[in-house]
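Asker: No sequence on hand, only this structure:
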């Protein structure tokens, strides 16, 4: 068995976020000045939290900056967080297209309020509405599942020395200390994932409904599927069963949802 922490962070603000535009997959805007500052704040908040693995969407606003972008001070969210980290600033960032934002079809590039009007006209709540040519919730869930399977395999391959016959599954059944390393005290492996708002909301749906993830102590269940703010963080502790070539989920617990302590 192998236990590891998983911290999921939404990318920093882009100008499209600020202007209320729906980015999806067709628009890949860089971070705004505020988004860069948010990402720096997230990096400073997590600077003493060790990451053993980093996975990131292949879209610009989430991933590592190119050399040109770095020289122009347009570093993106994951690169900024890792660069500020005291223990793993030179860690490899693995990009994965399965972490790409949800496709919103013909609504991409328009105002978010316009898609709300489309959903109202269709008689559907916004999160469940799929614009023409867009991805359904089930299609995004399939990508979440694909990513988790690939991440589980990668982590097991990287941390064979951490696998044990039996491990006590930590139960977080009390209030948190409110610290950047909450939930990680007895966990030897810790993965950072940087992605997108709508994708994260659907990932939370998959975690809590399909995988039966436990809720954080004292938290409001209604917050499970709310949109994470830019550079907001969610954390989980995951335990895997590792039998030869077979890797299976044994337990998943949520430590916190949409934390934004670093944003003032």
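Answerer: Yep, that arrived. Note that the structure is a prediction, hence the values are computed from the model and not measured.

Asker: May I have the residues that are in contact with residue 5?
Answerer: Listed by C-beta atoms under 8 Å, 6 or more residues apart in numbering, the contact partners of residue 5 are 183, 184, 187, 189, 190, 191, 235, 236, 237, 238, 255. For every residue, glycine as well, the C-beta is placed using N, CA and C.

Asker: The third one and residue 222, how far apart?
Answerer: Read it as residue 187. Distance of residue 187 to residue 222, computed by C-beta to C-beta, to the nearest Å: 28 Å.

Asker: what's the answer for the second one, then?
Answerer: Summarising the geometry, the distance separating residue 184 from residue 222, computed by C-beta to C-beta, is 26 Å.

Asker: any idea how far the top strand by length along the chain is from the chain center?
Answerer: With DSSP state E setting the assignment, residue counts place strand 246-259 as the longest strand in the chain. The chain centroid and the centroid of strand 246-259 are separated by 12 Å, computed with C-alpha atoms, centre = their mean, to the nearest Å.

Asker: can you name the farthest residue from the center of this structure?
Answerer: residue 121 (31.0 Å; C-alpha atoms, centre = their mean).

Asker: Check which helix or strand it maps to.
Answerer: helix 112-122 (DSSP states H and E).

Asker: Next secondary structure element downstream of that helix?
Answerer: Using DSSP H and E, the helix or strand that follows helix 112-122 towards the C-terminus is helix 137-158.

Asker: Name the residues of that following helix that are buried.
Answerer: Neighbour-count burial for helix 137-158, with 16 or more other C-beta atoms under 10 Å as criterion, is recorded at 137, 140, 141, 143, 144, 147, 148, 151, 152, 155, 156.

Asker: would you list every one of the helices in the protein?
Answerer: Ranges of helices in the chain, per DSSP state H, are 15-19, 33-45, 67-71, 77-83, 112-122, 137-158, 197-205.

Asker: Could you list every helix and strand that the second one packs against?
Answerer: In terms of contacts (3 or more C-beta pairs under 8 Å, 6 or more residues apart in numbering; DSSP states H and E), helix 33-45 is packed against helix 77-83.

Asker: contacting residues for the nearest residue to residue 188 once chain neighbours are set aside?
Answerer: Using C-beta to C-beta, 6 or more residues apart in numbering and skipping residues adjacent in sequence, the residue nearest residue 188 is residue 162, 4.7 Å away. Residues in contact with residue 162 (C-beta under 8 Å, 6+ apart) are 2, 188, 189.

Asker: Where does confidence bottom out across those residues?
Answerer: Least confident by pLDDT among the contacts of residue 162: that is residue 188, with 91.

Asker: who's more crowded, residue 184 and residue 222?
Answerer: Higher neighbour count among residue 184 and residue 222: residue 184, with 20 against 7, using other C-beta atoms under 10 Å.

Asker: how far away is the more buried one from residue 80?
Answerer: Summarising the geometry, the distance separating residue 184 from residue 80, computed by C-beta to C-beta, is 21 Å.

Asker: Also residue 93?
Answerer: The spacing between residue 93 and residue 80, counted by C-beta to C-beta, is 11 Å.

Asker: So between these two, which is more surrounded?
Answerer: Here residue 93 and residue 80 are set side by side on neighbour count (other C-beta under 10 Å), and the busier one is residue 80, at 26 against 18.

Asker: Tell me, how many residues neighbour residue 98?
Answerer: 20.

Asker: Name the nearest residue to it, sequence neighbours excluded.
Answerer: Closest to residue 98 by C-beta to C-beta, 6+ apart is residue 147, at 3.9 Å.

Asker: Please name the nearest non-neighbouring residue to residue 125.
Answerer: In space, not counting the residues next to it along the chain, residue 125 is nearest to residue 119; the distance is 6.7 Å by C-beta to C-beta, 6+ apart.

Asker: can you pull the contacts of that neighbour?
Answerer: Applying C-beta under 8 Å, 6+ apart, one finds that residue 119 lies in contact with 125, 126, 128, 129.

Asker: can you put those residues in JSON lines and add pLDDT?
Answerer: Shown next, in JSON lines, are the contacts of residue 119 (pLDDT from 0 to 100):
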{"residue": "125", "pLDDT": "89"}
{"residue": "126", "pLDDT": "86"}
{"residue": "128", "pLDDT": "90"}
{"residue": "129", "pLDDT": "94"}
